[in-house]
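> Fold the following.
(one chain, ligands or ions: 1)
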Amino acid sequence: MAIESYLDQEPSCLIVGSGIAGLMAAREMKRQGIQVLVLDKARGVGGRMATRRFDGAVFDHGTQYFAPSSAWFQSRIAEWIDESVAREWFRVQAYEMDTRFLSSARYCGCPAMTSIPKVIAAGMPVYTGEKVTQLEIQGECWHAFTEQGSHFSARSCILTPPVPQTLELLDASRIALEPAMEEALSDLVYEPCITLMVVCDGPPSAPENGVLEFERGNLRRIMDNQRKGISPDVPALTIHATGAFSASHFGDSDEIVANLLLDEALPMMRCGAESWQVHRWRYSQVLAPHPAPYLQVHQHPPLAVAGDAFGVNGVEGAARSGMEAANMILRLLH
Ligand SMILES: Cc1cc2nc3c(=O)[nH]c(=O)nc-3n(C[C@H](O)[C@H](O)[C@H](O)COP(=O)(O)OP(=O)(O)OC[C@H]3O[C@@H](n4cnc5c(N)ncnc54)[C@H](O)[C@@H]3O)c2cc1C
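Numbering: from 1, shown residues only. This is a model prediction of the structure:
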């Protein structure tokens, strides 16, 4: 059913994308008393912080874990732990320490990764199943039109899809970018990631924390969701292929990619597959983010582009980018 929702009368913001960037932007706006509307084309919230269930098993099939590289993100993680939607998953050994991070702890969602976006979105006007295909300025407002026939508007707008999808939307809306900005955004490269989720016929042979990382071959990581604690009843593996494998097999059938990945993974895991599903992430992670935390595309009414392609990689970068874009818009609206 088509929806119409207008926040034209007061300072307000329309946020495209309910991944962590969009939700952190919405949370910041709401905290400062600004009305928000969040739109997402997917059925649920969270974007790449994703969890799937089938045949009694539970899989985190996008982001696996996160770690803080700033005191700001460390505080966000502490809040999520207080709200019982995140927990420490494991600690890396001293020889594996990545100097970007403040500690050796790696955190995950609790009971699963989507718990974090779900708790942030709670009580927020989030419209899922609404793919924005057109943006227009009318008077003092941004108007968003969706493939589903709905129409939303507000006094400002933040776009948080992966940058190639944002560029497509801007292009379809005939919103021109400054040439230097357009070039910088077009140059951002995302790695694809084919993900195979496997229900196993018995407990796989995985390390205690459930994580195996590879430097050679077609597999990047295997995660045992039962050892991770998110699939307590059924043994379940998430297998991430490398960027190179994912790029060259992106268009192959599910059977082809599943058989190739299972042939490589199962002998190591010493178990069989009872059932499986494939998910293709066309934009999994950006290789080298843009150094700015967000970009302002339009002044009046304000429009910003944010997400994990800005600042630092991953969940932390996306969350920070959303929050900083929201603060910039707040300054303009006031
Ligand atoms: C396989 C995989 C493994 C990863 N592992 C890690 C990890 O271990 N640690 C880590 O920190 N990060 C990891 N990441 C990256 C991390 O998930 C992302 O950096 C972060 O979640 C991005 O958040 P975001 O809000 O910027 O984008 P997204 O989560 O992609 O959110 C964007 C949202 O916009 C919506 N959208 C797009 N176009 C439209 C439209 N036209 N209309 C409406 N809605 C639209 C999408 O449906 C989506 O929900 C991983 C990602 C993948 C895919």
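> Get me the contact residues on the stretch 201-334 of the chain for the ligand.
240, 281, 284-285, 307-308, 314-315, 318 (Cβ under 6 Å from any ligand atom). Where you see a C-beta, it was placed from the backbone N, CA and C, and this is true even at glycine.
> now those residues in JSON lines, with distance to R216 and neighbour count?
Listed next are these as JSON lines, based on distance: Cβ to Cβ, whole Å; neighbours: other Cβ atoms under 10 Å:
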{"residue": "H240", "distance to R216": "15", "neighbour count": "24"}
{"residue": "W281", "distance to R216": "22", "neighbour count": "20"}
{"residue": "S284", "distance to R216": "19", "neighbour count": "21"}
{"residue": "Q285", "distance to R216": "20", "neighbour count": "20"}
{"residue": "G307", "distance to R216": "31", "neighbour count": "32"}
{"residue": "D308", "distance to R216": "27", "neighbour count": "31"}
{"residue": "G314", "distance to R216": "23", "neighbour count": "19"}
{"residue": "V315", "distance to R216": "27", "neighbour count": "27"}
{"residue": "A318", "distance to R216": "29", "neighbour count": "32"}
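> Please parse this structure into its domains.
Using automatic domain parsing, the domain parsing of the chain gives 4-48+120-188+294-333, 190-286.
> Let me know which of those is tucked in deepest.
Sort those by mean neighbour count, taking mean count of other Cβ atoms under 10 Å, and domain 4-48+120-188+294-333 sits at the top with a mean of 20.
> From one end of that domain to the other, what's the distance?
End-to-end distance of domain 4-48+120-188+294-333 (Cα to Cα, to the nearest Å): 23 Å.
> Please enumerate the helices of the stretch 101-250 of the chain.
Under the criterion DSSP state H, counting those that start in this stretch, the stretch 101-250 of the chain contains helices at 115-121, 163-172, 179-186, 225-228, 243-249.
> Output the ones you listed as a markdown table; include the columns mean pLDDT.
Formatted as a markdown table, the helices of the stretch 101-250 of the chain follow (pLDDT from 0 to 100):
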| stretch | mean pLDDT |
| --- | --- |
| helix 115-121 | 98 |
| helix 163-172 | 98 |
| helix 179-186 | 96 |
| helix 225-228 | 97 |
| helix 243-249 | 98 |
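> so which of these gets nearest A57?
Proximity to A57, assessed across those by Cβ to Cβ, is greatest for helix 225-228 (6.9 Å).
> Give the residue farthest from the middle of the protein.
Computed with Cα atoms, centre = their mean, the maximum C-alpha offset from the centroid of the chain is found at G139, amounting to 32.4 Å.
> residues in contact with it?
Neighbouring residues of G139 by Cβ atoms under 8 Å, 6 or more residues apart in numbering: D8.
> other SSEs contacting the single longest helix found in the chain?
In the chain, taking DSSP state H as the definition, the longest helix is helix 314-333. Applying 3 or more Cβ pairs under 8 Å, 6 or more residues apart in numbering; DSSP states H and E, one finds that helix 314-333 contacts strand 12-16, helix 20-31, helix 71-82, strand 157-159, strand 303-305.
> What average pLDDT does that helix get?
In this model, helix 314-333 has an average pLDDT of 96.
> before we move on, the earlier item: make a markdown table from the domains of the chain and add distance to C110 to it.
Output for the domains of the chain, formatted as a markdown table (distance: least, Cβ to Cβ, whole Å):
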| stretch | distance to C110 |
| --- | --- |
| domain 4-48+120-188+294-333 | 14 |
| domain 190-286 | 8 |
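> tell me the secondary structure for the nearest residue to A26 once chain neighbours are set aside?
Distances taken as Cβ to Cβ, 6 or more residues apart in numbering put V36 closest to A26, at 4.5 Å, once the chain neighbours are dropped. Using DSSP: H, G, I helix; E, B strand; the rest coil, the structure places V36 in strand.
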